[in-house]
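# Next input, structure requested:
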Amino acid sequence: MAYRNNRKPSKAEMAKSQGMYQDTGVPNSNSEHGDSEEKTKETEIELADGTEISIEEPDMEDEQVEEPVSEEELQNIIIAEIDDAQNYIDDVISPERALAGQYYKGEPFGNEEEGRSQAMSMDVRDTVQAMMPSIMKVFFAANNVVEFAPNGPEDIDSAQQATDYVNYCLTRDNNLFNECYSTFKDALIRKNGIMKVWWDTEKNVTTHYFTGLDEATFSVLQSDANIEVKDVEITYGETVTETPMGMMGQTQPATYDCTVVRTTEQGRLRVQSVPPEEFLIDRRARSIETAEFVAHRRYVTVSDLVKMGYDFDEVQDLGFETLDDFEGNEEAFDRNPQAFVQITGRTDTTSRKILYIEGYVYVDMDGDGIAELCRVCVAGTANKVLHYEPCDFIPFVDFCPDPEPHTFFGMSIADVTMDIQLIKSNILRNTLDSLAQSIHPRTGVVEGQVNLEDVMNTEVGGIIRMRAPGMVQPFTMPFVGSQAFPMLQYMDELRENRTGISKAASGLDANALQSSTRAAVAATITAAAQHIELICRIFAETGMKGLFRKSMQLIAKNQDAPRMVRLRNTFVPIDPRVWDTNMDVVVNVAIGTGSNEEKMAFLGQVAAKQEMLMQMGAPLVDMQGYYNTLAQMMALAGYKDPTVFFKDPAMMPPPPPPAPPQPSPEEMLSQVQMEAIRADIQKKAAELELQREEMLRKDDRERDKLDADLMIKAAEIEAKYGTQVNTANIEALMQRDREFLRQQGEMERASMQAQQAAQNAQMAQAVQQAQMPPEMQMQPEMPPEGMM
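As a prediction, this is how the structure comes out:
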């Protein structure tokens, strides 16, 4: 139940419409249609003890399920949206924009009178042309008007790379300057400027003809997937040679003649300024992102549709237009009237012009109850749906110099200056008419008494033949145009107040004005510049941010391989697939920070202060900060690449490590002493080792002699007395003594090594103390007075 006329429903009506309780407190089961009564069904459940209970459950069979939008419903939806948007644009918006275009070009108003002045004041054009240089300078004089801000420390490098690469794609792969110039001018004249950004996959087809190819080369061509080989001709050669046996023929390898068609695909980001009459949007829209329907309509040929991937049989009979594009849109006719002149057109099918509309509408195509953004492409006079698919965003951005809250179309510079141009034109015409009448006044004659040919002759000094004196009398008209000059001046002031454009804002030097003080003129220039800076900030915050964000998303989504490009004078591979597409976009257009001369003077003071701190060795400034100051000064001067003049410290290799300092005489003396002590220690250790070796050899010789003597004595005893001598025990006792001597030698060697390590530590401490400043060296401890 719906309630209209802004009448607040009563409680009873609300209860009745919602199927709630009546005043008696009993549920409303006697509804008129029974729609509010909840339908249930009973389910019997047997418990463990055998008890049966019944539970009422909602009947799911009657639950409403959202059905997805069918193709037929989508066709009806898109047709309705297109018809409503076309009526809104063609009948409401386009006439206003066409009138603004006529004022910009200075076309007649239609109220001109023959024989009167038809002069035109070009205030709309003068104002727009005065603003365009400043706006273009703001967006294309600095390095980066828009930058990507990292979401975390790990995104710093990728954010800088994304900023450089998106700028590269927009300026190198596209002519962003021309597209922005057209869009900004549309915004200043026709309310809103529209720009479209998309990913374009181009197919480049080249045809080559080859002759005399050998079999290996021909096989390589056939194996290439991007090459189609056609019209192959094989030639078999035969060579006749003379031999002693006679003439003999020898067959040569075959050669191939063929036509090669090479097809390559290359994906690139594309950006284009859309003519305002080609852009459709629903009449209730507040912005492009929240609009229920947005579309781009244009007339294309059958050949263009086939290049897009559509079937030729499907699009050749969709109808075509030859003259009246967009059903007589005033704006399109005003832009190029010659395009509507009837000429003899082409009759081939591929050149037929077909209305093609690329629309973006929110519909529920999957039946989940939520409308998703869908891209729908229709063509022909009947708006036949050719293709539809879900999409991520709407590829359009708009620029408006004076946005109106809660509506899409704002106001342009032409909207606030057209009435001034009309008033000034009428004043100028009347002034010129008064001047003409005062210079060439009307003349009264007596009929039949004057030669009319002589009167009508305007030659200087010409004779007028009269039959009697006084037959010709001039009607002298005084010139009253001087009284209109203050009004013209007032209208100029009114235009300056509305737009901020004046002689001062046009670049007039404050020193050139003699009637006003320099401070007053500088204040006037600053106040006038604020209007343009505000327009630039609005363009940057609305259109430029959306353009860069959508460009980054398209690049990250569609570029499937790294691309080698030159950024900051260095060739680097760019792989956008690793970027964070949720990075924020930051605008660098400053508002109210003074002119470029003031900024340059301030940066000069900063550079001087940095130089002073660097000479003092203060840690507040380094070379990177000083380079950043110089780079900003180069940007203000109009040079986009500061590396032409200065090297970036961040790109320079790290400096080599400093050379070790030369030792002092004291350090050299201590080092010589340490070397001498080390040599003495090594010499003593060698002598001790030599003595030990000699001792061990002497001991071995003596033991060998004793062993020999023992064996001789044992043999003599056995021979003399016939008794067996046990030499094993005697040898075991001797070996025990030898092991004791070996262990004792090892202990002596370890003791010597410990003494040598202690001496080395003492020498190192002495050298370290010698290298310290004199005031920090340890003084020797003085013995107590009693010990002196």
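
# Which helix in this structure has the most residues?
helix 665-721 (DSSP state H).

# Just list what that helix packs against, helices and strands only.
Secondary-structure packing of helix 665-721 (3 or more Cβ pairs under 8 Å, 6 or more residues apart in numbering; DSSP states H and E): helix 727-771. Every C-beta, even on glycine, is put in place using the N, C-alpha and C of the backbone.

# can you list the weak-confidence ranges in the stretch 451-600 of the chain?
The stretch 451-600 of the chain contains residues with pLDDT under 70 at 503-528, 589-595.

# Next, the buried residues of stretch 408-420.
Phe408, Phe409, Gly410, Ser412, Ile413, Ala414, Asp415, Val416, Thr417, Met418, Ile420 (16 or more other Cβ atoms under 10 Å).

# nearest to Leu696, of these?
Phe408 (107.7 Å; Cβ to Cβ).

# what ranges do the strands span in the stretch 101-250 of the chain?
With DSSP state E, counting those that start in this stretch, the ranges of strands along the stretch 101-250 of the chain come out as 146-149, 193-213, 227-235, 238-243, 246-251.

# Could you spell out the sheet neighbours of the first one, each with its direction?
Going back to what we said before, that points to strand 146-149. Strand 146-149 sits in its sheet next to strand 584-587 (antiparallel), going by DSSP bridges.

# Quick check: next helix or strand after the partner strand?
Sequence-wise, the next helix or strand downstream of strand 584-587 (DSSP states H and E) is helix 596-616.

# got the contact list for that next one?
Identification of contacts with helix 596-616 by Cβ atoms under 8 Å, 6 or more residues apart in numbering yields Thr593, Gly594, Leu620, Val621, Gly625, Tyr626, Thr629, Leu630, Gln632, Met633, Leu636, Ala637.

# So of these, which two are at opposite extremes in space?
The span of the contacts of helix 596-616, defined through Cβ to Cβ, is set by Leu620 and Ala637 at 26.0 Å.

# Give me the three-state assignment for Val300.
Classification of Val300 by DSSP: H, G, I helix; E, B strand; the rest coil places it in strand.

# Contacts only, for it.
Shown in contact with Val300 (Cβ under 8 Å, 6+ apart): Lys353, Ile354, Tyr356.

# I'd like to know which of those are part of helices.
Using DSSP H, none of the contacts of Val300 sit in helices.

# Let's see which of the residues you listed end up in strands.
Lys353, Ile354, Tyr356 (DSSP state E).

# Generate a ChimeraX selection restricted to the buried entries among these.
Here is the ChimeraX command that picks out the buried ones among those, judged by 16+ other Cβ under 10 Å:
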select :353,354,356
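
# So which residues of the stretch 351-500 of the chain form helices?
413-439, 452-456, 485-499 (DSSP state H, counting those that start in this stretch).

# Distance to Arg549 for the ones you listed - can I get that in CSV?
What follows is these, written out as CSV (distance: least, Cβ to Cβ, whole Å):
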stretch, distance to Arg549
helix 413-439, 27
helix 452-456, 72
helix 485-499, 30
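
# Among the ones you listed, show me which one is buried the most.
Among the helices of the stretch 351-500 of the chain, the stretch with the highest mean neighbour count (mean count of other Cβ atoms under 10 Å) is helix 413-439, at a mean of 18.

# Can you give the distance from it to the centre of its chain?
46 Å (Cα atoms, centre = their mean, to the nearest Å).

# between it and helix 485-499, how big is the angle?
Orientation check (axes from the mean of the first three to the mean of the last three Cα atoms, to 10 degrees): helix 413-439 against helix 485-499 gives 170 degrees.

# What is helix 413-439 packed up against?
Using 3+ Cβ pairs under 8 Å, 6+ apart, helix 413-439 sits against helix 94-105, helix 123-141, helix 176-189, helix 485-499.

# Quick check: buried residues in the first one?
Right, helix 94-105. Residues Ser94, Glu96, Arg97, Ala98, Leu99, Ala100, Gly101, Gln102, Tyr103, Tyr104 are the ones in helix 94-105 that count as buried (16+ other Cβ under 10 Å).

# For Lys105, see how far away the fourth one is.
Going back to what we said before, that points to Ala98. Look at Ala98 and Lys105: by Cβ to Cβ, to the nearest Å, they are 11 Å apart.

# Same question for the third one.
When distances are taken as Cβ to Cβ, Arg97 and Lys105 turn out to be 13 Å apart.

# Give me the buried positions along stretch 290-305.
291-298, 300-302, 304-305.

# That one spans what distance, first to last residue?
End-to-end distance of stretch 290-305 (Cα to Cα, to the nearest Å): 29 Å.

# thinking again about what came up before, please identify which of the buried residues of stretch 408-420 is nearest to Met195.
The nearest one, if we look at those relative to Met195 and count by Cβ to Cβ, is Phe408, at 15.0 Å.

# Without its sequence neighbours, what residue ends up closest to Met466?
Spatial nearest neighbour of Met466, excluding adjacent residues (Cβ to Cβ, 6 or more residues apart in numbering): Val450 at 5.2 Å.
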